[in-house]
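A.B. asks: sequence and predicted structure below; questions after.
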Amino acid sequence: MTGDKSVDDELPPEMEVEGAAEGYLEIFRRYGVDYVFCSPGSEFIPFWEFLAKFNAQGRGPRYVNARHESVALAMAKGYTMATGRPQVVLLHVSAGLLHGAMEIRSIYMDNVPMLIIAGQNITHEKEVWGGTAGPHYFPFADVGGTQRLVQPYVKWCEAPDTNLNMHYILARAFRVAMSEPKGPVFLLLSRELMFEKVRRMRMPVKIEPQTPPQADPEALTKLAELLLKAENPLIYTRYLGRNPDSVGHLVDLAEATSTPVFETPVYMNFPTDHPLHLGCDIVPYLKEADLVLVVDSSGRPPWYPPSSILTSSKAKVVFIDIDPVQLKYPYWGYPADLLITGDSKLAVPALLDIVKTAAPRLGDQSKFEGRFERWKEESEGRRARWREEALSSRDAVPIDPKWLCYNINEVVNEDCIVVHETITHGGIINRYVERNRVRPGMRFEGSGAVGHSGLGQGLSLALGLKLANPDRTVIALEGDGGFNYNPVHACFGMSQEYGLPFLTVIFDNLSYAAMKGQPRFYPEGWSVKTDTYYGVYEQPKPLYGKLAEAFGGYAETVVDPEEVKPALLRALDQVEKGRLALCDVILQRP
């Protein structure tokens, strides 16, 4: 049943339960929740009790006992990115909620659907079952409600005061989370509600999310004419690949108009082995462009500064996005000749149909063929130059990051999932690590240079992706700075406990090099004169491999460039055998 018809037309069926939390779990199950990720807090004892019942009876959802709030949230995010299905995360009162605030913001900015639940106890003492947790709970309540702590970064929040209409509340939560633009929703549940000894609970008639928005046909027709008449059009995308079927539609559109595609990938958006894939840097090509089509770019601008295109190019600019105005951002100064609101999974194939229909009238086939060959030659030339650069660095000591990335690309295959969370080496990784980016669902970004709310989520994201894809190899690429921000002990412990082996490769340049900006802004300043760079910590070299070994993992520190590929292969062999693995590769300092 769809739309708002649901509960007014028929009384939702009731279910016999042993307690309210059992009813919650049944609703989760009916909405396709596979896992409840939890950073433990004592208010969740009822959930644990009835999860044990469900699992003993062979019913889902399953339980994941995360060891850190950020792990619970980012694992759930990774799982949802891979499957498209929203999961449930339990966070312990206001403290747990604040501990996971960075990840909640990232989930919100990346349009990932999720139901987040936190507990509270502010209304009763001993007169209500479950209402007394002890005096330590009083400081965990907030005037005005705990939900206001995260309200800016969730689509919807509620603090229900009864279980009588919980079926409505939870059904609405899932509907809002899954309606475009998708995102997290939040429920603040009291201990009293979770512990309540109800014997029957109403179950909702499943309420589907709204249908995705289709773009205005007149706007798409105008865009199709622009594409067919353009002499030098360009396409840029960031997260079109969240809908895997859209990748093929974008390929068809690019081929039909001989238009090159640039991307800053959060997902796999366009096959890198395609002649029209031109990498990540669109800026050098803007000067000659007469049309730039930006599809699904939320969160990562296609060029910077926004106004630079007004002076460097005469191109018309068109945005297609669920939210082309980018309402999440206080400033978004990108010029646009046409803003098209629509879901790319509908808009791109519709645009392609119009292009094919109009091509005999407006298109010049010889122009398209010549343009295709030009871009094919450009693409092949760039790739050949990159390969030559990597091979020429093969003997450099310390190891050149281009050589490391070249070898990572040699050992991965199409079935390998790569999570990227670096800043300094992000461009090199996007350039070289591409063999896993030839079909949808094989590339996901962490929160490094292309993320939204800070470092420290890559390892947890890798765990969530592995949970969703147990038969595929998962590799997390981490800068040593970013690795320090991750809850490493919790992540490696989760890998060991749940049998989720993956490989971590540390791009270890022995510093937090992303912060070394003083020479650019103060070329003759005190930092340069005294060789004192605050913000760029250069700690004594830790033995990062010991962290993996502490959790039964395999580890190598790599300093010899000839050993890069053999070390990666040895580590991947251990992952194949079910062990966590880590390669700490010592790189040149920038």
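C.D. replies: Cool, the structure landed. Numbering: from 1, shown residues only.

A.B. asks: please count neighbours and contacts with C-alpha atoms only from this point.
C.D. replies: Noted.

A.B. asks: quick check: residue 566 vs residue 572, distance?
C.D. replies: Separation of residue 566 from residue 572 (Cα to Cα, to the nearest Å): 10 Å.

A.B. asks: between the two, tell me which one has more neighbours.
C.D. replies: Using other Cα atoms under 10 Å, the more surrounded residue of residue 566 and residue 572 is residue 572, with 27 against 14.

A.B. asks: isn't the more buried one up against residue 581?
C.D. replies: Yes. Between residue 572 and residue 581 there is a contact at 7.4 Å, judged by Cα atoms under 8 Å.

A.B. asks: shared neighbours, the two?
C.D. replies: In terms of Cα atoms under 8 Å, 6 or more residues apart in numbering, residue 572 and residue 581 are both contacted by the residues residue 503.

A.B. asks: so, low pLDDT: which residues of the protein?
C.D. replies: By pLDDT under 70, the low-scoring segments of the chain are 1-12, 122-127, 129, 131-134, 136-137, 441-443, 445-453.

A.B. asks: so what does the lengthiest helix in the chain touch, helix or strand wise?
C.D. replies: Across the chain, the longest stretch assigned as helix under DSSP state H is helix 365-392. Counting contacts by 3 or more Cα pairs under 8 Å, 6 or more residues apart in numbering; DSSP states H and E, helix 365-392 is packed against helix 401-411.

A.B. asks: tell me how far the helix it packs on lies from the chain's centre.
C.D. replies: 23 Å (Cα atoms, centre = their mean, to the nearest Å).

A.B. asks: same question, stretch 235-244
C.D. replies: 12 Å.

A.B. asks: start and end of that stretch, how far apart?
C.D. replies: For stretch 235-244, the first-to-last residue distance is 18 Å (Cα to Cα).

A.B. asks: stretch 268-283 now?
C.D. replies: 21 Å.

A.B. asks: now stretch 141-152
C.D. replies: Start to finish, the residues bounding stretch 141-152 are 19 Å apart (Cα to Cα).

A.B. asks: next, count neighbours for residue 581.
C.D. replies: Count around residue 581 with other Cα under 10 Å applied: 29.

A.B. asks: scratch that, residue 391
C.D. replies: 13.

A.B. asks: check residue 384 too.
C.D. replies: Other residues near residue 384 come to 12 when the count uses other Cα under 10 Å.

A.B. asks: swap in residue 559?
C.D. replies: Residues within reach of residue 559, counting by other Cα under 10 Å, total 15.

A.B. asks: how near is residue 326 to residue 342?
C.D. replies: Residue 326 sits 13 Å away from residue 342, going by Cα to Cα.

A.B. asks: so the nearest residue to residue 209 once chain neighbours are set aside is in which element?
C.D. replies: Nearest residue to residue 209, sequence neighbours excluded (Cα to Cα, 6 or more residues apart in numbering): residue 175, at 4.6 Å. For residue 175, the enclosing helix or strand under DSSP states H and E is helix 166-178.

A.B. asks: next helix or strand past that helix?
C.D. replies: Per DSSP H and E, the helix or strand that comes after helix 166-178 is strand 184-190.

A.B. asks: tell me which strands and helices that following strand is in contact with?
C.D. replies: Secondary-structure packing of strand 184-190 (3+ Cα pairs under 8 Å, 6+ apart): helix 101-109, strand 114-120, strand 156-158, helix 166-178.

A.B. asks: check the offset of that strand from the chain's centre.
C.D. replies: 22 Å.

A.B. asks: over to stretch 314-328?
C.D. replies: 21 Å.

A.B. asks: neighbours around the residue nearest to residue 209, how many?
C.D. replies: Residue 175 sits with 21 neighbouring residues when counted by other Cα under 10 Å.

A.B. asks: do you know how far it is from residue 153?
C.D. replies: 17 Å.

A.B. asks: the stretch 1-150 of the chain: helices as residue ranges?
C.D. replies: 6-9, 20-30, 45-56, 69-83, 93-99, 101-109 (DSSP state H, counting those that start in this stretch).

A.B. asks: just the CA atoms of the fifth one, as CSV, please.
C.D. replies: Yep, that's helix 93-99 we're talking about. The C-alpha trace of helix 93-99 is given here as CSV (Å, rounded to 0.1, in the frame of the first residue of the first chain):
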residue,chain,number,x,y,z
VAL,A,93,21.4,8.6,25.8
SER,A,94,22.8,12.1,25.0
ALA,A,95,26.5,11.0,25.5
GLY,A,96,26.3,8.4,22.8
LEU,A,97,24.4,10.7,20.5
LEU,A,98,27.1,13.4,20.8
HIS,A,99,29.9,10.8,20.4
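
A.B. asks: report the buried residues of that helix.
C.D. replies: 93-98 (16 or more other Cα atoms under 10 Å).

A.B. asks: try the fourth one
C.D. replies: Buried residues in helix 69-83, counting neighbours by 16+ other Cα under 10 Å, are found at 69-82.

A.B. asks: just to revisit the earlier point, for the helices of the stretch 1-150 of the chain, give me JSON lines that also has distance to residue 257.
C.D. replies: Shown next, in JSON lines, are these (distance: least, Cα to Cα, whole Å):
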{"stretch": "helix 6-9", "distance to residue 257": "44"}
{"stretch": "helix 20-30", "distance to residue 257": "44"}
{"stretch": "helix 45-56", "distance to residue 257": "53"}
{"stretch": "helix 69-83", "distance to residue 257": "30"}
{"stretch": "helix 93-99", "distance to residue 257": "48"}
{"stretch": "helix 101-109", "distance to residue 257": "32"}
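
A.B. asks: which one of those lies nearest to residue 398?
C.D. replies: helix 69-83 (32.9 Å; Cα to Cα).

A.B. asks: contact partners for residue 513?
C.D. replies: Contacts of residue 513 were listed using Cα under 8 Å, 6+ apart, and they are 424, 481, 536, 589-590.

A.B. asks: so how far is residue 286 from the nearest residue to residue 279 once chain neighbours are set aside?
C.D. replies: The shortest distance from residue 279 to any non-neighbouring residue, by Cα to Cα, 6+ apart, is to residue 262 (5.3 Å). Distance of residue 262 to residue 286, given as Cα to Cα: 11 Å.

A.B. asks: between those two, who's got more neighbours?
C.D. replies: Higher neighbour count among residue 262 and residue 286: residue 262, with 24 against 21, using other Cα under 10 Å.
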